[in-house]
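# I'll drop the sequence and a predicted model, then ask my questions.
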Amino acid sequence: MIWNSEAECMSAEDTRELQLKRLQEVVKRAYENVPYYQKRFSDVNVYPEDIETLDDIEKLPFTTKTDLRDAYPFGMFAVSQDEIVEVHTTSGTTGKPTVSGYTRKDLDIWGEVMARALTMTGVKKSDRVQNSYGYGLFTGGMGAHYGGQKIGATVIPISAGNTRRQLEIMQDFETTVLTCTPSYALYLAEVAENEGIDTEKLKLKAGCFGAEMWTEEMRKEIEKRLHIRAQNVYGLTEIMGPGVAMECEVQEGLHIFEDHFYPEVMDPDTLKPVPDGEKGELVLTTLTREGMPVIRFRTRDITALRRGKCACGRSQVKMDRITGRSDDMLKVRGVIVFPYQIEKALLKIDGLEPHYQIIVTRPEQLDELEVQVEASPALFSDEVKHIEEVKRNIENIVHSEIGLRVTVNLVEPRTLPRSEGKAVRVIDKRKF
Amino acid sequence: MKLKQISVFLENRKGRLQKALNIISNAKINIRALSIADTSEFGILRMIVPEPDKAQKILEENDFVVKVNDVIAVGVPDKPGGLDGILEVLNKADVNVEYLYAFVEKKCENAIVVIRTEDIDTGIKVLKDGGVAMLSPEEVYTL
Ligand SMILES: [Zn+2]
């Protein structure tokens, strides 16, 4: 089933034509109505009339999370307050939240893209969608809600939490589709098993999961334990919320709804576009948003774009599952390294404390990677050669995981910095 | 004949050795013998103290990584060739010495050598058979 085959199966040529027209409109709208964009465009001497082809988008400056934060709360709005009918914010765990404002038309479009997404999951009018995304300022709840309603399915707006009640409703209402974060889906499965609920007897057939990074292994786990098909939805508050892209039943990448969101993938270091199929940072431009147009937003999410007709019948460009973030991505001697790869390697070693720090230096021409690991009684021996063996063992395990030689140094316990939120894992001392 | 030795992991960072020793001294623990093995990246502080368990506990409370091991203490005549004879006994019996360190005790005529062999029990047996006088923990602590 395809919700909007005209849009979702549009030819590449027609898509580009539509995108150019919409890009020109949105750039004009942003320039004329948002002082921030007027200044940024003027600073680089680019004006709406300079956008003559889609490639001209490269002339426009990027918008970062910091820019949106600096505009808190309503500095990015392109319409008067009267026309804004809803606002959402990011969680603000890493600083001030960013605000997203929607006009009525924006909400319609949000409902449209989420209807496409849920249709890919198999949702029809007759379905009962248990929406276990959090309702509130977080975009997940409302986004899935609007999509389900647009299709005409029965939406159960249960929000996140209260797991026993979730399971009770799921049984009593004969829920067919679940929408929530993948980790909550797994938790629901776990509690169901503990409560002696036979998940095979539930009417659930599919799930639309997102709002956090997850792996193929996690998908298989959810599918096995809940006896459903699990599909990946992608979105971000800054751009709209969930529904920027959605994985179809082929389960090989997510179709970006590119008639509304224009994707680019850039090398995060040079900020130059990379060819299709190559990994880089996803940059998104809203093509149709009224309330808050966002031009070339650096998502920091790492993915690759793949074009061509999909086995599902859709033609809209696909993006790979998000595999990392460019803000913690490292390029060492030309090799891309994510801290989580090093973490994965370290977790294979018994007795290792999960506290580590990665230090990148460039003493001469070559980058050096040092991994500091906190010593523990299990790793410590009173003999130098044993400690050196432990070090070499860790070095070899990290090497086989990332393909680069590293130097491992044991440090004393509790000497690496701790943080409440996201730990600082990487110290890059190189001068670029 | 086994003696407890405590070893402390030290990062090669200014003040760490002093910090460890300061903790021991504040706890009024008297260090009988001490040695430091160091590499460019880390060091191992080895100590013989009368109350190894207490020393371990307070060091761990201060976030040091500590290990307690068995070692052998031998009294060696304080004259040329004293240590050589002992090593020869171990060598002949094919017992590997991991490390050793020595200190001279003024009250007696002997130098005390702390030895860690790969296999402590075999080490003790070989030394005993070779007629080498080993010191009991009490003897070392009360020297
Ligand atoms: Zn597809």
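Good, I have the coordinates.

# Poorly predicted segments of chain A, please.
A:92-95, A:354, A:418-424, A:432 (pLDDT under 70).

# how about the residues of it near chain B?
By the rule C-beta under 8 Å from any C-beta of the partner chain, the part of chain A lying against chain B is A:375-377, A:379-384, A:387-388, A:409-415. The way it works is simple: take the backbone N, C-alpha and C, and place the C-beta from them, glycine included.

# need the helices for the chain, in chain order.
Using chain A. A:5-8, A:12-33, A:35-43, A:65-70, A:104-120, A:139-151, A:163-172, A:182-194, A:216-226, A:339-346, A:384-402 (DSSP state H).

# my question was about chain B
Going by DSSP H, chain B shows helices at B:16-26, B:52-61, B:82-92, B:120-129, B:137-141.

# Of all these, which one is nearest B:Ile112?
helix B:137-141 (6.9 Å; C-beta to C-beta).

# interface residues of the stretch 201-350 of chain A facing the ion?
Applying C-beta under 5 Å from the ion, one finds that the stretch 201-350 of chain A approaches the ion through A:Cys248, A:Val250, A:Cys310, A:Cys312, A:Arg314.

# I figured the last one was touching A:Asn4, is that so?
The reference is to A:Arg314. No. Using C-beta atoms under 8 Å as the test, A:Arg314 is too far from A:Asn4 to be in contact (10.0 Å).

# Rebuild the residues of the stretch 201-350 of chain A next to the ion as a markdown table, extending it with distance to B:Pro52.
Below are these laid out as a markdown table (distance: C-beta to C-beta, whole Å):
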| residue | distance to B:Pro52 |
| --- | --- |
| A:Cys248 | 66 |
| A:Val250 | 65 |
| A:Cys310 | 68 |
| A:Cys312 | 69 |
| A:Arg314 | 71 |
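
# and which of the residues you listed is nearest chain B?
A:Val250 (50.7 Å; C-beta to the nearest C-beta).

# mean pLDDT lowest for which of the helices of chain B?
The minimum mean pLDDT among the helices of chain B belongs to helix B:137-141 (a mean of 85).

# May I have that one exported as CSV, CA atoms only?
Extracted C-alpha coordinates of helix B:137-141, given in CSV (Å, rounded to 0.1, in the frame of the first residue of the first chain):
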residue,chain,number,x,y,z
PRO,B,137,56.1,-12.2,58.4
GLU,B,138,56.4,-11.5,62.1
GLU,B,139,60.2,-11.3,61.8
VAL,B,140,60.0,-8.8,59.0
TYR,B,141,57.3,-6.7,60.6
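
# Write out the residues of chain B neighbouring the ion.
So chain B never meets the ion (C-beta under 5 Å from the ion).

# Tell me which residue in chain B sits closest to chain A.
Closest point on chain B to chain A, by C-beta to the nearest C-beta, is B:Ser7, at 3.5 Å.

# Phi and psi next, for the closest residue in space to that residue that isn't next to it in sequence.
Closest residue to B:Ser7 apart from its sequence neighbours, by C-beta to C-beta, 6 or more residues apart in numbering or on different chains: A:Asp382 at 3.5 Å. Dihedral pair for A:Asp382: phi -80, psi 10, per degrees, to the nearest 10.

# Give me the distance between A:Asp382 and B:Leu17.
Here A:Asp382 is placed at a distance of 16 Å from B:Leu17 (C-beta to C-beta, to the nearest Å).

# More neighbours: which of the two?
Ranked by neighbour count (other C-beta atoms under 10 Å in any protein chain shown), A:Asp382 and B:Leu17 place A:Asp382 first, with 23 against 16.

# thought the more buried one was touching B:Gly43?
No. Using C-beta under 8 Å as the test, A:Asp382 is too far from B:Gly43 to be in contact (11.4 Å).

# picking up where we left off before, spatially, which two of the residues of the stretch 201-350 of chain A next to the ion are the most separated?
Counting by C-beta to C-beta, the most remote pair of these is A:Val250 and A:Arg314, 9.2 Å apart.

# that older thread, who has more neighbours, A:Arg314 and A:Asn4?
A:Arg314 (22 against 16).

# which ones are touching the more buried one?
Taking C-beta atoms under 8 Å, 6 or more residues apart in numbering or on different chains as the criterion, A:Arg314 is in contact with A:Ile2, A:Glu8, A:Cys9, A:Cys248, A:His255.
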